[in-house]
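Chemist: Below is the structure, and that's it, no one-letter string:
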């Protein structure tokens, strides 16, 4: 199955499930990361020395020009530091003041503005949004006959809306209006945003829904979105290096990092422009996001409340009730939550050439924000989480997905070594790694992104052998065969996937596409 959005969600849930700063004591952070900090060490084969990579080596191996980190302890920023360069092959170092695109971390910050409007009486969480939308209305259809799209459902991804995320627009391209984006009209580059599931019955991530939230705030305030957010949220929290302005003004652009592709090439024009500001348009720093996380954590306890009251903050950090068959009831109003650690909230983000991560523990006052200017940033994120946690002391985390270490071994020692290690994991089943059908599937997509199709097919075939009754490995193998030009084998595997899961829309669409060629 196409992997990028799927990997994004898996990454988000995995990282949020790994409490990075659960300390055995309250000693302050005394050891900051350095470029020579050992980020990861893996014993991948008997009688072989382990793979050991420093932070600097890891960044070079994964084509990450720069990253920035802010560590939170006792509701204060313990330290903030930049690593690497602001652009691929550049000479300007990343500093704590370097701006990065926050991607979907834009969403909880925007949700804070919407909840402020609720407390001002200008919006209501459970009112149908069409009551206040004036510029555009959510089209009614058979799915909205009994249940309606509400602000609560927009912020918790339970409104039944389409369009997962947005690719943005290259500098110099025409920029659509929000109405054009809603209707999927040129120059918009995404499908129409529509309700295709009964609202309130299922959690499904929708940047489209958050963009409707943006229009709702515009319609009730009459202000440009960046101006409203600056006045209602950013200035009140002291986020002086943050803005929703799109495109980025020249004065701020001088301090911004350049987005980077996996091949270490810069994003065309340095970055993309996101008119979908609430969903993906925030420019900021880890320091400012740390201020935001601290504000929300303290407000939960009635100790800050520069924007939201204690009552509203607690509602923001309360999981929206799940529904039968809905596995994801760990989402609040703008934030993802962790049922194993009820005080933990966070989000991650991904724009073209930028990725970011935020997690915070409201009751212990500890947290972490990391931002990078690379599409490969999420490969390094869990290792930085571990490095920071080890510097602070003991902590508790869930098992890490095995795909992380498999991809690392492939990058350093090649696919055969990664598969040797996979077989070891199958035999030993170490508790520190979670091994499932997604382990090899993720490795296969990692290889496909590198255009190593023959090796990807080997990995996907092994996954089909390991999980013969799972539909997704067949779907992925079908995609690999299709990319390799082997249509008959692609059709065969897509048909097997559909036999196991008749609701596999991707498989059905791909079969139509292949047979129609």
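Modeler: Everything's here; your move. It should be emphasised that the depicted structure is a prediction, and the values quoted were computed from it without experimental measurement.

Chemist: quick one: the strands in the stretch 351-500 of the chain?
Modeler: For the stretch 351-500 of the chain, the strands defined by DSSP state E, counting those that start in this stretch occupy 354-361, 366-372, 400-401, 433-434.

Chemist: Over to the chain?
Modeler: In the chain, the strands defined using DSSP state E lie at 38-42, 51-54, 66-73, 76-84, 100-101, 169-170, 272-273, 283-284, 336-337, 344-351, 354-361, 366-372, 400-401, 433-434.

Chemist: Now mean neighbour count too, for the strands of the stretch 351-500 of the chain, in a markdown table please.
Modeler: For the C-beta atoms, the positions are set from N, CA and C on the backbone; glycine is no exception. What follows is these, written out as a markdown table (neighbours: other Cβ atoms under 10 Å):
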| stretch | mean neighbour count |
| --- | --- |
| strand 354-361 | 28 |
| strand 366-372 | 29 |
| strand 400-401 | 20 |
| strand 433-434 | 18 |
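
Chemist: my read: residue 86 touches residue 373, true?
Modeler: Yes: the criterion here is Cβ atoms under 8 Å, and residue 86 meets it with residue 373 at 7.0 Å.

Chemist: Overlap of the contact sets of the two?
Modeler: 65, 66, 94, 257, 258 (Cβ atoms under 8 Å, 6 or more residues apart in numbering).

Chemist: Output those residues in a markdown table, with neighbour count appended to each entry.
Modeler: Putting these into a markdown table (neighbours: other Cβ under 10 Å) gives the following:
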| residue | neighbour count |
| --- | --- |
| 65 | 25 |
| 66 | 27 |
| 94 | 25 |
| 257 | 31 |
| 258 | 22 |
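
Chemist: sorry, back to before: between the strands of the chain, which gets the lowest average pLDDT?
Modeler: Across these, strand 400-401 has the smallest mean pLDDT, namely a mean of 73.

Chemist: Give the buried residues for stretch 375-390.
Modeler: 375-389 (16 or more other Cβ atoms under 10 Å).

Chemist: same question, stretch 117-131
Modeler: Neighbour-count burial for stretch 117-131, counted by 16+ other Cβ under 10 Å, picks out 117, 118, 123, 125, 128, 129, 130.

Chemist: Please identify the one among those residues that lies nearest to residue 423.
Modeler: Within the buried residues of stretch 117-131, the smallest distance to residue 423 is 51.2 Å, found for residue 125 (Cβ to Cβ).

Chemist: Now stretch 377-396: average pLDDT?
Modeler: 74.

Chemist: hmm, back to that, would you reformat the strands of the stretch 351-500 of the chain as JSON lines and include distance to residue 208?
Modeler: Converted to JSON lines, the strands of the stretch 351-500 of the chain look like this (distance: least, Cβ to Cβ, whole Å):
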{"stretch": "strand 354-361", "distance to residue 208": "20"}
{"stretch": "strand 366-372", "distance to residue 208": "24"}
{"stretch": "strand 400-401", "distance to residue 208": "28"}
{"stretch": "strand 433-434", "distance to residue 208": "31"}
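
Chemist: ok, back up a step: and which of the buried residues of stretch 375-390 is nearest residue 511?
Modeler: Taking Cβ to Cβ as the measure, residue 511 lies nearest residue 375 of the buried residues of stretch 375-390, at 29.3 Å.

Chemist: Check the spacing between the closest one and residue 260 real quick.
Modeler: For residue 375, the distance to residue 260 (Cβ to Cβ, to the nearest Å) stands at 7 Å.

Chemist: Next, show the common contact partners of those two.
Modeler: Residues touching both residue 375 and residue 260 (Cβ under 8 Å, 6+ apart) are residue 353.

Chemist: Can you show me the helices along the stretch 151-300 of the chain?
Modeler: Ranges of helices in the stretch 151-300 of the chain, per DSSP state H, counting those that start in this stretch, are 151-155, 178-183, 207-221, 225-229, 235-237, 250-253, 277-280, 286-300.

Chemist: and of those, who's closest to residue 489?
Modeler: Across the helices of the stretch 151-300 of the chain, closest to residue 489 is helix 207-221 (Cβ to Cβ), at 34.4 Å.

Chemist: Could you pull out the buried residues of that closest one?
Modeler: 207-218, 220-221.

Chemist: Tell me the gap between it and the middle of its chain.
Modeler: 20 Å (Cα atoms, centre = their mean, to the nearest Å).

Chemist: Quick one: list the elements packing against it.
Modeler: Under the contact criterion of 3 or more Cβ pairs under 8 Å, 6 or more residues apart in numbering; DSSP states H and E, helix 207-221 touches helix 106-119, helix 151-155, helix 178-183, helix 225-229, helix 277-280.

Chemist: ok so, going back, could I get the strands of the chain as a markdown table with distance to residue 295?
Modeler: Shown next, in a markdown table, are the strands of the chain (distance: least, Cβ to Cβ, whole Å):
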| stretch | distance to residue 295 |
| --- | --- |
| strand 38-42 | 30 |
| strand 51-54 | 34 |
| strand 66-73 | 11 |
| strand 76-84 | 12 |
| strand 100-101 | 19 |
| strand 169-170 | 31 |
| strand 272-273 | 28 |
| strand 283-284 | 14 |
| strand 336-337 | 17 |
| strand 344-351 | 12 |
| strand 354-361 | 10 |
| strand 366-372 | 11 |
| strand 400-401 | 30 |
| strand 433-434 | 33 |
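
Chemist: Out of the ones you listed, flag the one nearest residue 507.
Modeler: With Cβ to Cβ, the closest approach to residue 507 among the strands of the chain belongs to strand 400-401: 23.8 Å.

Chemist: ok, how many other residues are close to the nearest residue to residue 83 once chain neighbours are set aside?
Modeler: Of all residues not flanking residue 83 in the chain, residue 67 sits nearest, at 5.3 Å (Cβ to Cβ, 6 or more residues apart in numbering). Neighbour count of residue 67, defined by other Cβ atoms under 10 Å: 28.

Chemist: what does residue 470 give?
Modeler: Residues near residue 470, counting by other Cβ under 10 Å: 18.

Chemist: Report the separation between it and residue 446.
Modeler: 19 Å.

Chemist: Equivalent analysis for residue 264, please.
Modeler: For residue 264, the distance to residue 446 - Cβ to Cβ - is 16 Å.

Chemist: ok, those two, which is more surrounded?
Modeler: residue 446 (25 against 15).

Chemist: residues touching the closest residue to residue 383 other than its chain neighbours, list them.
Modeler: Using Cβ to Cβ, 6+ apart and skipping the chain neighbours, the partner closest in space to residue 383 is residue 39 (4.3 Å). Going by Cβ under 8 Å, 6+ apart, residue 39 touches 53, 54, 55, 58, 380, 383, 384, 386, 387.

Chemist: one more time with 6 Å
Modeler: With contact set as Cβ atoms under 6 Å, 6 or more residues apart in numbering, residue 39 has these partners: 53, 55, 58, 383, 387.

Chemist: From these, which land in helices?
Modeler: Here DSSP state H is the test, and the contacts of residue 39 give 55, 58, 383, 387 as lying in helices.

Chemist: between those, which is nearest residue 137?
Modeler: Among the ones in helices among the contacts of residue 39, and counting by Cβ to Cβ, the member closest to residue 137 is residue 383, at 46.5 Å.

Chemist: Just confirm that closest one contacts residue 38, I think it does.
Modeler: No: between residue 383 and residue 38 there is no contact under Cβ atoms under 6 Å: 9.5 Å.

Chemist: For residue 14, give me the pLDDT.
Modeler: pLDDT, residue 14: 34.

Chemist: want to try CSV for the ones in helices among the contacts of residue 39, with distance to residue 283 as columns?
Modeler: CSV is the format used below for these (distance: Cβ to Cβ, whole Å):
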residue, distance to residue 283
55, 25
58, 26
383, 26
387, 26
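
Chemist: Sort out which one of those lies nearest residue 436 for me.
Modeler: Looking across the ones in helices among the contacts of residue 39 and measuring by Cβ to Cβ, the closest to residue 436 is residue 383, at 20.6 Å.

Chemist: Okay, that closest one and residue 82: tell me how far apart.
Modeler: 17 Å.
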